[in-house]
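# Predicted model and sequence follow; I will ask about them next.
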Amino acid sequence: MIEISGLTKRYGDVVVVDGLSFEVRPGRVTGFLGPNGAGKSTTMRILLGLARASSGSATIDGQLYSELREPLRQVGALLEATPVQRGRTAYRHLLALAQTHGIAASRVEEVLDLVGLTSVAGRSSAEFSLGMRQRLGVAAVLLGEPSTLVLDEPANGLDPAGVHWLRNLLRDQAAEGRTVFVSSHLISEMALTADQLVVVGRGRLLADLPIAELTSGHASLEEAYLQLTGDSVEFSGGAR
Ligand SMILES: Nc1ncnc2c1ncn2[C@@H]1O[C@H](COP(=O)(O)OP(=O)(O)OP(=O)(O)O)[C@@H](O)[C@H]1O
């Protein structure tokens, strides 16, 4: 379980996460939504020990990321632009990760198969398309069979078949009892993937509800979301 408690992050005088509290429970997919700049990535980066909270806490199974004894086995994380060592093949990249975390080499082939990259496993990841890099990132997430998955915009760059594949994968992972926390801007996709939605705006919690409750009384989840976040949008174009 993920617990975000009174989390605040300031950069100088600017508060980008503002007293955020919510829980992400196992056994379901929780979507993390909010306008550009709402603080989603910052929250995930703090959760993964990549940024420091100004106050409050973000824990995984009751521990800070830095306290986890076997991080790759406990948490699988995919952040935007997860770096892959240049020039390494997909197989070598995953094998290096497995070897440094006490994971059997046979698991590398399993995850390559799970993400559909077996046929290009010997190719340098520097030649990969955006969608292929995302799949490789997901392979790394799954490598240690972690009980918690944290994914920032995982559908980024995936083609429609890839989005469909990712949806089923996340739902399967949740059905197996894992905690799945995923940020996305694709509202219609989240409607199909997530069970629960946490919506933030300007660093604050706007909603933490099952999809059906959030959508209730609205024509669609998109309409419910736009109404909820209408006052929190910082960057908007002219046309509506
Ligand atoms: N290292 C940093 N220094 C200063 N400001 C930062 C830093 N990282 C993020 N911010 C600011 O924090 C705010 C929240 O950014 P964040 O990336 O968390 O939002 P987001 O909800 O993930 O947005 P998006 O949907 O556009 O990815 C933004 O205003 C951003 O400019």
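Here it is on my side, so go on.

# and residue 109, what helix or strand is that in?
helix 106-114 (DSSP states H and E).

# pLDDT of that helix, averaged?
Regarding helix 106-114, the rounded mean pLDDT is 96.

# Which elements pack onto that helix?
helix 90-100, helix 130-143 (3 or more C-beta pairs under 8 Å, 6 or more residues apart in numbering; DSSP states H and E). To be clear about C-beta, it is placed using only N, CA and C from the backbone, and glycine gets the same treatment.

# For stretch 154-164, measure first residue to last.
With C-alpha to C-alpha, to the nearest Å as the measure, the first residue of stretch 154-164 is 12 Å from its last.

# which of the residues in that stretch are buried?
154-156, 158, 162-163 (16 or more other C-beta atoms under 10 Å).

# now swap in stretch 105-121 and tell me
107-108, 111-112, 114-115, 117, 120-121.

# hmm, back to that, can you dump the C-alpha atoms of the helix holding residue 109 in CSV for me?
Backbone C-alpha positions of helix 106-114 (Å, rounded to 0.1, in the frame of the first residue of the first chain) are rendered in CSV as follows:
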residue,chain,number,x,y,z
SER,A,106,15.8,-16.5,-16.7
ARG,A,107,13.4,-13.8,-15.5
VAL,A,108,14.9,-11.5,-18.2
GLU,A,109,13.5,-13.7,-21.0
GLU,A,110,10.2,-13.9,-19.2
VAL,A,111,9.8,-10.1,-19.0
LEU,A,112,11.0,-9.6,-22.6
ASP,A,113,8.2,-12.0,-23.6
LEU,A,114,5.6,-10.2,-21.4
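
# tell me the angle of that helix relative to helix 130-143?
140 degrees (axes from the mean of the first three to the mean of the last three C-alpha atoms, to 10 degrees).

# Now find how far off-centre helix 106-114 is within its chain.
21 Å (C-alpha atoms, centre = their mean, to the nearest Å).

# Helix 90-100 and that helix, what's the angle between them?
Calculated by the same axes, to 10 degrees, helix 106-114 forms an angle of 140 degrees with helix 90-100.

# Run through who's touching helix 106-114.
Applying C-beta atoms under 8 Å, 6 or more residues apart in numbering, the contact partners of helix 106-114 are 90-91, 94-95, 98, 118, 121, 139-140, 142-143, 145, 169.

# how about the residues of this protein that lie near the ligand?
Within the chain, the positions near the ligand by C-beta under 6 Å from any ligand atom are 11, 16, 34, 36-42.

# Okay, strands next: where are they in this protein?
Under the criterion DSSP state E, the chain contains strands at 2-11, 14-24, 28-33, 55-60, 75-78, 148-152, 179-183, 196-201, 204-210.

# looking just at contacts, which helices and strands does the second one meet?
By that I understand strand 14-24. Against strand 14-24 (3+ C-beta pairs under 8 Å, 6+ apart) you get strand 2-11, helix 40-47, strand 55-60, strand 196-201, strand 204-210.

# The closest residue to residue 37 other than its chain neighbours - how many residues pack around it?
Leaving out its chain neighbours, the residue that sits closest to residue 37 by C-beta to C-beta, 6 or more residues apart in numbering is residue 234, at 5.4 Å. Counted with other C-beta atoms under 10 Å, the neighbours of residue 234 add up to 10.
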